[in-house]
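>>> how would this look folded up:
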Amino acid sequence: MKTIAPLALGFALALAASAQAQAHAQLVSADPPVGGVAKAPPQNLDLLFSEKISEKLSGASLKDAGGKAIPAMAMTEKAGKGLMMMMQQPLKPGVYTVTWHAVASDDGHRTEGTYSFTVN
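You can find the predicted model right below:
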């Protein structure tokens, strides 16, 4: 029994270290939501990540269905876990694609992704 306890403790520590090493900033939620439909043109896009992100190294861009870039300014919020994009003009009805990248403040790893939403 005494031999099993140190092995179990070692396994638990290795598992915890592995989980911590995998803790990269992942997109948790978005408003408008991923694949969602906004009934009115949103003034802002809000992205929430699983980890605190670096404001200088993280960002997002927005394009319409034709691939035209939509001017927007991005800034972090929500205790450093959120990224808010403020559009310079109202969005017209159509499909939009958000491309984001986030660098976790704690581990410095970059994650990225894309998603679409529709404005009615």
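
>>> I'd say residue 38 and residue 118 touch.
Yes: the pair residue 38 and residue 118 passes the contact test of CB atoms under 8 Å, sitting 7.0 Å apart. (Glycine included, C-beta is placed from N, CA and C.)

>>> what sits against the spatially most central residue of the chain?
Nearest to the geometric centre of the chain sits residue 27, at 3.2 Å (CA atoms, centre = their mean). Applying CB atoms under 8 Å, 6 or more residues apart in numbering to residue 27 gives the contacts 34, 47-50, 100, 102, 111, 113, 115.

>>> so which of the residues you listed is the closest to residue 69?
Of all these, residue 100 has the smallest distance to residue 69: 14.2 Å, by CB to CB.

>>> so what's the closest residue to residue 58 other than its chain neighbours up against?
Spatial nearest neighbour of residue 58, excluding adjacent residues (CB to CB, 6 or more residues apart in numbering): residue 102 at 4.5 Å. Applying CB under 8 Å, 6+ apart to residue 102 gives the contacts 25, 27, 49, 51, 53, 58, 83, 110-112.

>>> need the contacts of residue 27 in CSV with distance to residue 73, pLDDT and secondary structure, can you?
Shown next, in CSV, are the contacts of residue 27 (distance: CB to CB, whole Å; pLDDT from 0 to 100; DSSP: H, G, I helix; E, B strand; the rest coil):
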residue, distance to residue 73, pLDDT, secondary structure
34, 22, 97, coil
47, 14, 98, strand
48, 18, 97, strand
49, 18, 97, strand
50, 24, 96, coil
100, 15, 97, strand
102, 17, 96, strand
111, 22, 97, strand
113, 20, 98, strand
115, 20, 98, strand
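
>>> so where's this structure uncertain?
1-23 (pLDDT under 70).

>>> so where do the strands sit in it?
All strands of the chain, identified by DSSP state E, fall at 27-31, 37-38, 44-49, 59-64, 72-77, 82-87, 94-103, 110-119.

>>> tell me the strands beside the second one, with direction?
Sheet pairing of strand 37-38 (DSSP bridges) gives strand 110-119 (parallel).

>>> now do the buried residues in the partner strand.
Using 16 or more other CB atoms under 10 Å as the test for burial, strand 110-119 gives 111, 115, 117, 119.
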